[in-house]
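Just need the structure, nothing else, for what follows:
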Amino acid sequence: MSVGQKYGIRNAGYYALRSLRIEKFFAFWGQDLDAFTTPLECGREFRVKFDTDTDFLGRAALLQQRHDGVFRRFVMLILEDHDTELDLWPWWGEPVYRNDQLAGTTTSSAYSYTLERHICLGFVSPPPSPEGLPTPITPDFINRGDYEVDIAGQRYPAKAKLYPFSSLFTQQKRRKEDMELSNLQGK
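Modelled structure (predicted):
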């Protein structure tokens, strides 16, 4: 720090890093994920080498889970109708409701400077089957629900996402660039 004094260096960035990791949908070990969370539950199955003959501890259990389905899923919840100046802010541990039924809890949250609203990360699960057995979760279950996050007894509507919203911007930008390139090629 002393070397950087003449350049105006100062301590900054902890909350910026937290906010950015949540915007990018990066899970934090010990807060969002623990030793009981599998890559299939938190959207990190692409990190597992299922297609190789490499054996690893837990491979059989992950293959079984892949066959049976997961019963909870890590999601991003983008709060709507939440006034950051007047309303209480979410931190973590807030109940998540889907179609008025308790579906999970938040594990992290931060203000998104990109979206200018709060984003929460957390796990959701479908209700048990009529027999009381866990029900596998599907992308359709997540995408078609009406979500709310309960912050200190007040529910706020939220949009649930399986992927970071920044990937949507990247896809739109790529499509735009592809269209521009295809227009140039036609001339």
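
residues near E94, how many?
22 (other C-beta atoms under 10 Å). Bear in mind the C-beta positions are built from the backbone N, C-alpha and C, glycine included.

mind checking which helix or strand the closest residue to it other than its chain neighbours is in?
Distances taken as C-beta to C-beta, 6 or more residues apart in numbering place T106 nearest to E94, at 4.5 Å, with adjacent residues excluded. In this assignment (DSSP states H and E), T106 forms part of strand 101-112.

Could you point out the helix or strand that follows that strand?
strand 117-124.

My guess is the residue nearest to E94 contacts W89. True?
No. Between T106 and W89 there is no contact under C-beta atoms under 8 Å: 11.5 Å.

low-scoring stretches of the chain, by residue?
12, 166-187 (pLDDT under 70).

Which residue lies nearest the spatial centre of it?
M76 (3.1 Å; C-alpha atoms, centre = their mean).

SS state for that one?
With DSSP: H, G, I helix; E, B strand; the rest coil as the basis, M76 sits in strand.

all strands for the chain, in order.
Along the chain, the stretches classed as strands by DSSP state E are 73-79, 95-98, 101-112, 117-124, 147-151, 154-161.

quick one on the thing from earlier: within the sheet, what are the partner strands of the strand holding T106, with directions?
strand 95-98 (antiparallel), strand 117-124 (antiparallel) (DSSP bridges).

about what we covered before: looking at T106 and W89, which is more packed in?
T106 (25 against 13).

That one bridge partners, please.
Under the criterion used (DSSP bridges), T106 bridges to G122.

ok, and the closest non-adjacent residue to F25?
P164 (3.7 Å).

Can you give me the neighbour number for that neighbour?
17.

circling back: which ones are touching the residue nearest to E94?
L77, P90, W92, G93, E94, V96, C120, L121, G122, V149 (C-beta atoms under 8 Å, 6 or more residues apart in numbering).
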